[in-house]
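Student: A predicted structure for the sequence below; I have some questions about it.
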Amino acid sequence: MATGSERRLAAACPCESGDAYSKCCRPFHLRVEVPTTACQLMRSRYAAYAKGLVPYLEYSWHPDHRPSGLDLDTAQRWTGLRIIECTGGEAEDATGTVEFIAEYVIGDQAGSVHEVSRFERVDGRWVYTEPAVPA
């Protein structure tokens, strides 16, 4: 019979890739691997929001755009991610954009964030810079 920690690792990744968290975003969150595309980084950042992993969010944010402090609303529960389009952001690219819709619930109120995010490579790894344009 699986232990509680084994079940959590086998659970589906919050980024909705269809893979287990242990094989999807967890290696990025632990910094044992780095995302090879901007889309992978976007998914790993969403999963970090869902899991409340502020250190990873700060690490994956461009240093020139990173907020000085990041406080997540513990009442906010992230409930779904839909990637609409990834432009550029492949392993050989220097920049890319990802359009996405991230859904959440606070109390009994549902909401969503629709954004086109810009990503760049800094020191060989993808980082989030800022919204490219309001979606």
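Tutor: Sure thing, it's come through. Residues are numbered from 1 along each chain as shown.
Student: what ranges do the helices span in this protein?
Tutor: 4-10, 26-29, 38-51, 54-59 (DSSP state H).
Student: Which of the helices and strands in this structure ranks last by mean pLDDT?
Tutor: None of the helices or strands of the chain scores lower by mean pLDDT, DSSP states H and E than helix 4-10, at a mean of 57.
Student: Any stretches of this protein with poor pLDDT?
Tutor: Within the chain, the segments meeting pLDDT under 70 span 1-9, 133-135.
Student: residue contacts, the residue nearest the centre of the chain?
Tutor: In the chain, the C-alpha nearest the mean C-alpha coordinate belongs to Arg45, at 1.7 Å (C-alpha atoms, centre = their mean). Contact analysis of Arg45 by C-beta atoms under 8 Å, 6 or more residues apart in numbering lists Tyr56, Leu57, Ser60, Tyr128. C-betas here are computed from N, CA, C, even on glycine.
Student: Same check on Pro63?
Tutor: Applying C-beta under 8 Å, 6+ apart to Pro63 gives the contacts Val122, Val127.
Student: Okay, it and Ala91: tell me how far apart.
Tutor: 22 Å (C-beta to C-beta, to the nearest Å).
Student: Equivalent analysis for Ile84, please.
Tutor: Ile84 sits 21 Å away from Ala91, taking C-beta to C-beta as the criterion.
Student: which residue ranges form the strands in the protein?
Tutor: Along the chain, counting by DSSP state E, strands occupy 76-88, 95-106, 109-122, 125-134.
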